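> fold the stuff below for me.
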Amino acid sequence: MKFADVVQTADWKAEKHVPVIEAPAAVKAGEKFVVKLSVGKEIAHPNTTEHHIRWIKLFFKPDNGKFAFDLAAFTFDVHGESTEGANKGPVYVDPVAEATIKIGISGTLLAASYCNIHGLWESSQVIAVES
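Coordinates of the predicted model:
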């Protein structure tokens with residue numbers, strides 16, 4: 001078995017588990033830009049003790065490279081848990097994060113997310129570097 005056998009993908013507009021990447025389509029080489037990641041942008045994902053997104057990870061694969069670079073990892077650790085029971089806690093965290101990055105070559109941003117019930121999901125966005 002391989003990761004490819006268990007990682008799921010779909011259009012984030014129709015599937016609530018897919019990580020959404022919001023980034024410019026093109027940037028200038030070496031110029032900082034913000035990448036926003038989220039799960040549940042179009043269709044809200046539950047955020048309960050029993051069903052939630054645990055993490056989102058961001059990678060970058062240069063067009064001319066063999067390997068992807070691990071850029072950022074965000075964990076979401078509180079979903080209403082409490083000693084009084086599930087969903088009775090005073091705090092929840094939504095699966096939304098931002099990373100400020102800069103790249104020197106065109107490539108693809110890749111995101112992975114993990115739902116505690118429905119497993120691993122992925123998405124990608126091509127990003128061009130303008131000269």
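
> enumerate every residue touching the spatially most distant residue from the centre of the chain.
Residue farthest from the centre of the chain, counting by C-alpha atoms, centre = their mean, is E84 at 30.9 Å. By C-beta atoms under 8 Å, 6 or more residues apart in numbering, the contact set of E84 is empty. For every residue, glycine as well, the C-beta is placed using N, CA and C.

> for it, pull up the helix or strand it's in.
Using DSSP states H and E, E84 sits in no helix or strand.

> then D5 would be within a helix, right?
Yes. Membership of D5 in a helix is supported by DSSP: H, G, I helix; E, B strand; the rest coil.

> and the pLDDT for it?
According to the prediction, D5 has pLDDT 89.

> what of G107?
98.

> how many residues are close by it?
20 (other C-beta atoms under 10 Å).

> please name the bridge partners of it.
P62, I127 (DSSP bridges).

> that one reaches F69, doesn't it?
No. Counting by C-beta atoms under 8 Å, G107 stays clear of F69, with 9.0 Å between them.

> before we move on, back to that, any idea how far V93 is from the residue farthest from the centre of the chain?
19 Å (C-beta to C-beta, to the nearest Å).

> now do E81
11 Å.

> do the same with V39
12 Å.

> neighbour count: these two, which is higher?
Taking neighbours as other C-beta under 10 Å, V39 and V93 compare with V39 leading, 30 against 15.

> neighbours of Q125, how many?
15.

> perfect, that will be all.
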